[in-house]
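Colleague: compute the structure for the input listed below.
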Amino acid sequence: MNIEKARFNMIEQQIRTWEVLDQDVLNLLSIVKREQFVPAVYANLAFSDLEIPLPGGQHMLTPRVEARVLQELAVKKHESVLEVGAGSGYMAALLAHRAQQVLTVEIDTELAAFARANLAKNGVLNAEVALGDGARGWKAAQPYDVICVSGGLPVVPQELLEQLKVGGRLAAFVGTAPVMEAQIITRIDERQYRIAGIFETWTEALQNAVHPSSFKF
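Modeller: Numbering: from 1, shown residues only. Presented below is the predicted three-dimensional model:
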């Protein structure tokens, strides 16, 4: 396989056509080598429009979803980022190239080790992997400029929203099967948040994700 040709085709045919037009984001997809974050057995699928399987029964998001979220978050060099769900470490690597510091929290021990190894071998020095449950955020290092939830949330917990700085942005896939909405939530002030839906999708819910209260009469 011609890797660079496959990467070019991924960017031009999958990602640019999905309203990802920020040239800095498109360039970054050539800098951060996706094939180095994919399990070796799936290396030939690194640039496919698929959710590639990961250890622990998890999956990578598709390239176009990763790129679109990255574009919409518009991370800046002075900002701190929390990612919930490290996966392979690829999204953390993309975020780290745009941010000052990334903390990515992973609940699965095997996946946390996989992400940590991938980030190290790719020379990503400003991203740290923490082992733990980030479904309600990670209070130890709050507040954050940006929070990226790399898994589904039936509802966005208030604890997570409150870990954003004023002016901060949170990306999450909100709702339940069969359709979820990718949302960018911006903290306007101490009490108000603005929600922008950017596309419909579906992905597995985070382990221990908060579910809406249900009442029976």
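
Colleague: buried ones in the lengthiest strand in the chain, by neighbour count?
Modeller: In the chain, with assignment by DSSP state E, the single longest strand is strand 164-176. Neighbour counts over strand 164-176 (16 or more other C-beta atoms under 10 Å) mark 164, 168-175 as buried. Just so you know, the C-beta spots here come from the backbone N, C-alpha and C atoms, and that holds for glycine as well.

Colleague: keeping just the C-alphas, turn it into CSV.
Modeller: The C-alpha trace of strand 164-176 is given here as CSV (Å, rounded to 0.1, in the frame of the first residue of the first chain):
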residue,chain,number,x,y,z
LEU,A,164,-15.0,24.3,31.7
LYS,A,165,-13.6,27.8,32.0
VAL,A,166,-15.8,30.6,30.9
GLY,A,167,-15.3,30.8,27.1
GLY,A,168,-14.4,27.1,27.1
ARG,A,169,-15.8,24.5,24.6
LEU,A,170,-16.9,20.9,25.1
ALA,A,171,-17.4,18.4,22.3
ALA,A,172,-19.6,15.4,22.9
PHE,A,173,-21.8,12.9,21.1
VAL,A,174,-25.1,13.3,22.9
GLY,A,175,-28.1,11.0,22.9
THR,A,176,-28.9,7.4,22.4
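
Colleague: neighbouring strands of it in the sheet, and parallel or not?
Modeller: Take DSSP bridges as the rule and strand 164-176 pairs in its sheet with strand 144-153 (parallel), strand 179-187 (antiparallel).

Colleague: confirm Thr104 sits in a helix?
Modeller: No: Thr104 is assigned strand when assessed by DSSP: H, G, I helix; E, B strand; the rest coil, not a helix.

Colleague: how many other residues sit next to the nearest residue to Gln100 once chain neighbours are set aside?
Modeller: Take Gln100 and drop its neighbours on the chain: the residue closest to it by C-beta to C-beta, 6 or more residues apart in numbering is His78, 5.5 Å away. Around His78 there are 9 other residues, counting by other C-beta atoms under 10 Å.

Colleague: look up how far Val146 lies from His78.
Modeller: Relative to Val146, His78 is positioned 11 Å away (C-beta to C-beta, to the nearest Å).

Colleague: kindly report the same for Pro212.
Modeller: Separation of Pro212 from Val146 (C-beta to C-beta): 25 Å.

Colleague: so which of those two has more stuff around it?
Modeller: A side-by-side neighbour count of Pro212 and Val146, using other C-beta under 10 Å, places Val146 first with 23 against 7.

Colleague: the residue nearest to that one when sequence neighbours are not counted: what secondary structure?
Modeller: Spatial nearest neighbour of Val146, excluding adjacent residues (C-beta to C-beta, 6+ apart): Val81 at 4.4 Å. At Val81 the chain is in strand, as set by three-state DSSP.

Colleague: OK, contacts around Gly85?
Modeller: Neighbour list for Gly85: 58, 104-107, 134, 149-151, 206 [criterion: C-beta atoms under 8 Å, 6 or more residues apart in numbering].
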